[in-house]
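> okay, here's the prediction I keep looking at, along with the sequence it came from:
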Amino acid sequence: MHPSLDLIAAQHREDDAPLGRVMECHECGLRHAVPRLADGTTARCVRCGATLHRFRASSLDHAFAYACAGLVFFLMANFLPFISLEISGRVQAASLVTGIFVLYGQGLWELAAVVALTMFVAPGLRLGTLFVVLGGLHLKQPPRWLPQLHRWAVLLGPWAMIEVYMLGVFVAYVKLIDLATVVVGPGLYSVGALMLAIIAAGTTLDTETVWGEFERRGLTTPPPPVDPHRPACLCHACGLVSNLPAGGHGDCPRCGAVLHRRRPDSLTRTWALVITAIILYIPANVFPVMTVISLGSGAPDTIISGVIELADAGMWPLAALVFFASITVPVLKLIGLITLLVTTRRGSARGLRRRTAIYRVVEAVGRWSMIDIFMISILVALVQLGQLATIEPGVGAVCFAAVVITTMIAAMSFDPRLIWDAAGENRD
Ligand SMILES: [Zn+2]
Ligand SMILES: [Zn+2]
């Protein structure tokens, strides 16, 4: 057995027993008996260092307050003047969603859908569902469907990319200020505030406390205690560890999600997605991501020529940022995933902690590659000045967005516990 597991188990005092529970590390698969935590403390996996549970006593109230504020900023961002461009006496105004409609109007509906999902639909729904779930728990008789709604809402989290969108706006702004007068409206400041509210709500919300509250209010039945002598598994949706029913198949007793000991066909799926992303990466870099048409003549821009243009204009920090987000991050992500896939298949037992850390980084940084896509959505919305200057999106942008989405899903389908399984560290 793992000595570290005993260490944690030893801290599990009698008086903590009703609230102490078995938790499985979602990154290495080690089980821990986690005692009731004091306010403000964090339980970390003793083997890989992943966060198991961060307990904040006022988590739900704070997250609810941030969700309310976020919804107000979301409305303000949609209804207040957003950003406008003034060039030779002509003014072009854009709202938060103009870019989505321009992309759709140019026939790039796939790109319009990705931008709409990540900067509008997912953040809006995430805040809305958080408001309903946490607000519903304040009611005398909370609706029975709250746990189900919460389970679906958690899935939206990775797709809400307001912070990346803000950086995209910033890059577009710097690109435009040399050409024209850019007027920033209160709508854009509201997006900045919205970004802070979403980040604050996400970091204060403790999912385990939400499920504990559902249980306390009688919306879910208390899960049966885990029998250590029978096979158990972690629920991917709510994080509960429960015994698998006879036959090895069943649903989570707390949230109803289908239980899998490991993510199904993890390595095969991840390989398929990685190969797809490599293939898409070629047209993403060869075809133009946008074309600037000024006084009748057009100059197509690929991702790399856009970076060179920024560097030529002396905007070195920005050129470095876009280069890092659009070129370095996707390549490093693919190399990281391939390394993890190959070493796991071989059953390597070397650098387990380091490889788990690689997975953590790959999962966290992927979204930042969307900067270029968001920048294009703002440029095409603002620079629609007919003969004077027009920016059209290119098919390269569709391929690049596909690379970002495919690598994100690839990282999500890789189960890091397999790294430890393959090295013989997890014996159930
Ligand atoms: Zn771990
Ligand atoms: Zn569950």
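Received it, and whenever you're ready, just let me know what you need. Residues are numbered from 1 along each chain as shown. Ligands and ions are numbered 1, 2, ... in the order given.
> so who does V210 touch?
V210 makes contact with L60, V133, L134, H150 under the criterion CB atoms under 8 Å, 6 or more residues apart in numbering. C-betas here are computed from N, CA, C, even on glycine.
> one more time with 10 Å
Applying CB atoms under 10 Å, 6 or more residues apart in numbering to V210 gives the contacts S59, L60, A63, L130, V133, L134, L137, L146, P147, H150, V154, C238.
> likewise I100?
109, 111-117, 119-121, 377, 381.
> next, the buried residues of the helix or strand containing it.
In the assignment (DSSP states H and E), I100 maps to helix 98-105. Going by neighbour count (16 or more other CB atoms under 10 Å), the buried part of helix 98-105 is T98, G99, I100, V102, L103, Y104.
> not counting its neighbours along the chain, what's nearest the second one?
By the measure of CB to CB, 6 or more residues apart in numbering, the closest residue to G99 outside its immediate chain neighbours is S377, 3.4 Å from it.
> the one you found against M119, yeah?
Yes - S377 is in contact with M119 according to CB atoms under 10 Å; the separation is 7.9 Å.
> more neighbours, those two?
Neighbours of S377 and M119, each counted by other CB atoms under 10 Å, are more numerous for S377; the result is 31 against 28.
> what residues does this structure have near ligand 2?
Residues of the chain found near ligand 2 (CB under 5 Å from the ion) are C235, A237, C238, L240, C252, R254, C255, A257.
> for the closest residue to ligand 1 within the stretch 301-428 of the chain, what are its contacts?
Ranked by CB to the ion, the top residue of the stretch 301-428 of the chain for proximity to ligand 1 is T356, at 7.0 Å. Shown in contact with T356 (CB under 10 Å, 6+ apart): 25, 27-28, 45, 47-50, 340, 416-417, 419-420.
> which ChimeraX command selects the buried ones in the residues you listed?
Filtering the contacts of T356 down to the buried ones (16+ other CB under 10 Å) takes a single ChimeraX command:
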select :25,27,28,45,47,48,50,340,416,417,419,420
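> same list (the contacts of T356) but as a markdown table, adding distance to ligand 1.
Shown next, in a markdown table, are the contacts of T356 (distance: CB to the ion, whole Å):
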| residue | distance to ligand 1 |
| --- | --- |
| C25 | 3 |
| E27 | 5 |
| C28 | 3 |
| C45 | 3 |
| R47 | 5 |
| C48 | 3 |
| G49 | 7 |
| A50 | 5 |
| L340 | 15 |
| P416 | 9 |
| R417 | 8 |
| I419 | 10 |
| W420 | 8 |
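> coming back round to it: confidence score at the residue of the stretch 301-428 of the chain closest to ligand 1?
You'll see T356 listed with a pLDDT of 96.
> just give the nearest non-adjacent residue to it, would you?
Nearest non-adjacent residue to T356, counting by CB to CB, 6+ apart: C48, 4.6 Å away.
> quick check: end-to-end length of stretch 307-322?
End-to-end span of stretch 307-322 (CA to CA, to the nearest Å): 7 Å.
> what's the mean pLDDT across it?
Mean pLDDT, stretch 307-322: 90.
> report the buried residues of it.
Neighbour counts using 16+ other CB under 10 Å place V307, E309, L310, M315, L318, A319, L321, V322 of stretch 307-322 among the buried residues.
> what does the stretch 1-150 of the chain put close to ligand 1?
Near ligand 1, when you scan the stretch 1-150 of the chain using CB under 5 Å from the ion, you find C25, E27, C28, C45, R47, C48, A50.
> in a helix, the second one, correct?
What that stands for is E27. No - per DSSP: H, G, I helix; E, B strand; the rest coil, E27 lies outside any helix segment and is coil.
> now for it: which residues touch it?
With CB under 10 Å, 6+ apart, E27 has these contacts: 45, 47-52, 353, 356-357, 359-360, 363, 415-417, 419-420.
> just to revisit the earlier point, would you reformat the contacts of V210 as a markdown table and include secondary structure and neighbour count?
Output for the contacts of V210, formatted as a markdown table (DSSP: H, G, I helix; E, B strand; the rest coil; neighbours: other CB atoms under 10 Å):
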| residue | secondary structure | neighbour count |
| --- | --- | --- |
| S59 | helix | 21 |
| L60 | helix | 20 |
| A63 | helix | 24 |
| L130 | helix | 27 |
| V133 | helix | 27 |
| L134 | helix | 25 |
| L137 | coil | 19 |
| L146 | helix | 23 |
| P147 | helix | 21 |
| H150 | helix | 24 |
| V154 | helix | 20 |
| C238 | coil | 23 |
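> returning to what we had before: narrow the residues of the chain next to ligand 2 to those in strands?
Among these, no member falls in strands (DSSP state E).
> among the residues you listed, the buried ones, what's the ChimeraX command?
Per 16+ other CB under 10 Å, the buried members of the residues of the chain next to ligand 2 correspond to this ChimeraX selection:
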select :235,237,238,240,252,254,255
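> just say helix, strand or coil for E86.
The three-state assignment at E86 reads strand, by three-state DSSP.
> tell me what it is bridged to.
V91, T181 (DSSP bridges).
> ok, now which ones touch the residue nearest the centre of the chain?
Centroid-nearest residue in the chain: P158, 2.1 Å away (criterion: CA atoms, centre = their mean). By CB under 10 Å, 6+ apart, the residues touching P158 are T118, A122, E363, G366, R367, M408, I409, A411, M412.
> in the one helix or strand A357 maps to, what counts as buried?
Element membership of A357, judged by DSSP H and E, is helix 352-365. Buried residues in helix 352-365, counting neighbours by 16+ other CB under 10 Å, are found at L352, R355, T356, A357, I358, Y359, R360, V362, E363, V365.
> how about stretch 25-38?
C25, H26, E27, C28, G29, L30, R31, H32, A33, V34, P35, L37.
> what's the first-to-last distance across that stretch?
Using CA to CA, the end-to-end distance of stretch 25-38 comes to 20 Å.
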